[in-house]
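Asker: Here is a sequence together with a model predicted from it:
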Amino acid sequence: MNIQALLSDKVTQALVAAGAPADSEALVRQSAKAQFGDYQANGVMGVAKKLGIAPRQLAEQVLTHLELDGIANKVEIAGPGFINIFLDPAWLAKQVEAALADERLGVAPVKPQTIVVDYSAPNVAKEMHVGHLRSTIIGDASVRTLEFLGHNVIRANHVGDWGTQFGMLIAYLEKMQNEHANEMDLSDLEAFYREAKKHYDEDAAFAERARAYVVKLQGGDEYCREMWRKLVDITMSQNQKNYQRLNVTLTKDDVMGESLYNSMLPGIVADLKAKGLAVESEGATVVFLDEYKNKDGEPMGVIIQKKDGGYLYTTTDIACAKYRYETLGADRVLYYIDSRQHQHLMQAWTIVRKAGYVPDSVSLEHHMFGMMLGKDGKPFKTRSGGT
Ligand code: ARG
């Protein structure tokens, strides 16, 4: 039901009945302020001018002919001859009910595309912060809308489940398990992370063990894999509680964390080198991009492999875009991430396009949002607690 069109017809009929020409325009618009009703007809003044009569007089005549019984519960003239229309809530409710009775809400399905939506993406052994919350809510709203339109939507929860911090986290989990015979309570993830970091910074033996564990984990060591799994599972079951509470549609099956792309990374680096896109620079492997200049006006270097062999967040996002096209068959990929990561994504995708990993016909879209700022105008710091 198009209410504006309905009211336009009604007011035009009343204008004609009041002596206006048949092509008179009622100019019905939604009112800008509640005090002017839900809609207002602004056409009376123009018509009165043409007819050479006083606008308010014409407006009064229009009111005597205006048939809005049951639709509006109040109609009044304002100013030089505006007509303010206040809809009857009971009538409005009936229109909503009628719309809901149609399960498509009057929306026709579209030609389906495969759309991958990257959203939420919290990090392991950390509480979701407000940025993740925004991504989660906006992303889930998009996912529901796209599915309603008839698209094949793939939810991709790009969980931060990889990186050098896992050595420290595994070492701390081990310490906790040794000290507490029965399964310990990991409900306070922030405290867990904080304590692990503290031990890493202050206890040399612990730090050494942590470093050894990273290497073992990356090498596929069974024990370290199992400890890592535990950390991911605990974090994700806590996140799952939040998703349920927020009525967000993400499930465990939607987790496609950073670790998923590990096996692709050596091949990507080798391929970028072979294509002449990546070069060795001070021991690291770097892609220099003309599109981005550093402070000195030189092409900016994007590191894809560190001197010590480690890969970076960008390397993972290059692999991830490739995977979403090649393996998931995406027609479009939507990323819901805050605006601070815009340059990171643009650099990763510039490399992706140059390497030919994703064709131009497939769009990679950063749907960014801003930050939630504290009273001091700075981003909330969940790490320091309290927020
Ligand atoms: N885990 C990341 C963070 O907390 C967000 C990941 C967003 N997705 C991506 N493909 N980079 O900042």
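Answerer: Now that the structure is in, tell me what you want to look at.
Asker: give me phi/psi at the residue lying closest to F148 once chain neighbours are set aside?
Answerer: Excluding the flanking residues, the one nearest F148 by C-beta to C-beta, 6 or more residues apart in numbering is V107, at 7.1 Å. Every residue, glycine included, has its C-beta placed from N, CA and C. Main-chain torsions, V107, degrees, to the nearest 10: phi -100, psi 130.
Asker: okay, now V107: neighbour count?
Answerer: Neighbourhood size, V107 [other C-beta atoms under 10 Å]: 12.
Asker: Roughly how far does the closest residue to the ligand within the stretch 251-387 of the chain sit from Y261?
Answerer: In the stretch 251-387 of the chain, the residue that lies nearest the ligand is I337 (4.6 Å; C-beta to the nearest ligand atom). Computed as C-beta to C-beta, to the nearest Å, the I337 to Y261 distance reads 16 Å.
Asker: how near is S142 to the ligand?
Answerer: 14 Å (C-beta to the nearest ligand atom, to the nearest Å).
Asker: and what of G79?
Answerer: 52 Å.
Asker: cool, and V116?
Answerer: 10 Å.
Asker: which strands and helices sit next to the host helix or strand of that residue?
Answerer: For V116, the enclosing helix or strand under DSSP states H and E is strand 114-118. Contacts defined by 3 or more C-beta pairs under 8 Å, 6 or more residues apart in numbering; DSSP states H and E place strand 114-118 against helix 130-149, strand 152-156, strand 332-335.
Asker: Surely the residue of the stretch 251-387 of the chain closest to the ligand and H132 touch.
Answerer: No. Using C-beta atoms under 8 Å as the test, I337 is too far from H132 to be in contact (9.7 Å).
Asker: hmm, back to that, got the contact list for the residue of the stretch 251-387 of the chain closest to the ligand?
Answerer: By C-beta atoms under 8 Å, 6 or more residues apart in numbering, the residues touching I337 are 118, 121, 135, 345, 366, 368.
Asker: cool, T285 as well?
Answerer: 269, 272-273, 278-279, 303-305.
Asker: In these, find the pair that's most separated.
Answerer: K273 and I303 (13.4 Å; C-beta to C-beta).
Asker: So which bits of the stretch 151-300 of the chain are right by the ligand?
Answerer: Taking C-beta under 6 Å from any ligand atom, the part of the stretch 151-300 of the chain that reaches the ligand is made up of 158, 160.
Asker: Identify each of the helices in the stretch 151-300 of the chain and give its residue range.
Answerer: 165-179, 189-202, 204-218, 222-245, 265-274 (DSSP state H, counting those that start in this stretch).
Asker: Make a ChimeraX selection of the buried ones in the contacts of I337.
Answerer: To isolate the buried members of the contacts of I337 in ChimeraX, using 16 or more other C-beta atoms under 10 Å:
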select :118,121,135,345,366,368
